[in-house]
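Visitor: Fold the following, please.
(2 chains)
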Number of protein chains: 2
Amino acid sequence: MYGLIGKMTAKPGQRDALAEVLLDGVSGMPGCLSYVVALDPTNADALWITEVWDTKESHEASLLLPAVKDAIARGMPLIAGMDTSTITEPVGGHGLTSAAEREERRAEQTIIG
Amino acid sequence: MYGLIGKMTAKPGQRDALAEVLLDGVSGMPGCLSYVVALDPTNADALWITEVWDTKESHEASLLLPAVKDAIARGMPLIAGMDTSTITEPVGGHGLTSAAEREERRAEQTIIG
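Guide: The predicted model follows:
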């Protein structure tokens, strides 16, 4: 697996708008197992993004998806700077779900419900 | 939601053993929405743990679960030090699943399968 832990700073007062843009783009990205946007409680402009992908290639391919390209275009003007970006090698845990699994689950719930 | 992003250093050569202990304890913790253990590709002894909980209280309660207490007791001798620990306020994303939802899904899959 391929992971990213990043911290970015929004332009003053733009953190909520940036979080919304980041969350807009995340549904259904192939190979994305986890994507969490979190506020930094110690800095009103800072945001954390933690990501887990099946492979580095899936992450790179995601940047070319129309929805992600659109989110990047809308997000860029809201970002003051990237503070840290760390690459990790996730080995396991709880909450690692592919978009395909999620769709499957939704379909099952529709059948049952 | 309540989040944690932590980096710890294992004693030399003990990282895989520590990762295994950390992953042992994670299934079925009430209120845990995501718990990912990742290796640091730039440091052979360093590990990242990213967590999302429904509330801070759920995280604190988890530390008293017998399986978690046991994992802590087994993990402590393998840890050289805690490098960073950051509290976050997750606002959303993909891959946030409670143990209850996971059990429910498993039950559904058993019914269907």
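Visitor: quick one: the residue nearest the centre of chain A from residue A:29, how far?
Guide: In chain A, the residue lying closest to the centroid (CA atoms, centre = their mean) is residue A:35, at 3.7 Å. Distance of residue A:35 to residue A:29, given as CB to CB, to the nearest Å: 7 Å. Any C-beta I mention is one placed from the backbone N, CA and C, and that applies to glycine too.
Visitor: ok, now residue A:5?
Guide: Residue A:5 is 17 Å from residue A:29, by CB to CB.
Visitor: next one: residue A:39
Guide: 22 Å.
Visitor: go on, residue A:60?
Guide: Counting by CB to CB, the gap from residue A:60 to residue A:29 is 12 Å.
Visitor: Have a look at these two and say which one is more surrounded.
Guide: Ranked by neighbour count (other CB atoms under 10 Å in any protein chain shown), residue A:60 and residue A:29 place residue A:29 first, with 22 against 12.
Visitor: ok, and the closest non-adjacent residue to that one?
Guide: Excluding the flanking residues, the one nearest residue A:29 by CB to CB, 6 or more residues apart in numbering or on different chains is residue A:62, at 4.7 Å.
Visitor: Which strand or helix spans residue A:100?
Guide: For residue A:100, the host element (DSSP states H and E) is helix A:99-112.
Visitor: what about chain A, any weak spots by pLDDT?
Guide: A:99, A:102-103, A:105-106, A:108-113 (pLDDT under 70).
Visitor: Could you pick out the longest strand of chain A?
Guide: For chain A, the strand that runs over the most residues, judged by DSSP state E, is strand A:79-94.
Visitor: Which other helices and strands does it contact?
Guide: For strand A:79-94, the packing partners by 3 or more CB pairs under 8 Å, 6 or more residues apart in numbering or on different chains; DSSP states H and E come out as strand A:2-10, helix B:15-24, strand B:32-39.
Visitor: Pick the most buried one from those.
Guide: strand B:32-39 (a mean of 25; mean count of other CB atoms under 10 Å in any protein chain shown).
Visitor: how near is the residue nearest to residue A:29 to residue B:9?
Guide: From residue A:62 to residue B:9 the distance is 31 Å (CB to CB).
Visitor: Please name the bridge partners of residue A:35.
Guide: residue A:51, residue B:94 (DSSP bridges).
Visitor: isn't it right next to residue A:51, touching?
Guide: Yes: with contacts counted by CB atoms under 8 Å, residue A:35 reaches residue A:51, the gap being 5.1 Å.
Visitor: Next up, phi/psi of the closest residue to residue A:67 other than its chain neighbours, please.
Guide: Computed as CB to CB, 6+ apart, the closest residue to residue A:67 that is not its neighbour in sequence is residue A:25, at 5.2 Å. In this entry, residue A:25 is assigned phi and psi values of phi -80, psi -10 (degrees, to the nearest 10).
Visitor: Residue A:77: neighbouring residues, count only.
Guide: 11.
Visitor: Go ahead and report the secondary structure state at it.
Guide: helix (DSSP: H, G, I helix; E, B strand; the rest coil).
Visitor: how far does stretch A:23-42 sit from the chain's center?
Guide: Using CA atoms, centre = their mean, to the nearest Å, the mean C-alpha position of stretch A:23-42 is found 3 Å from that of the whole chain.
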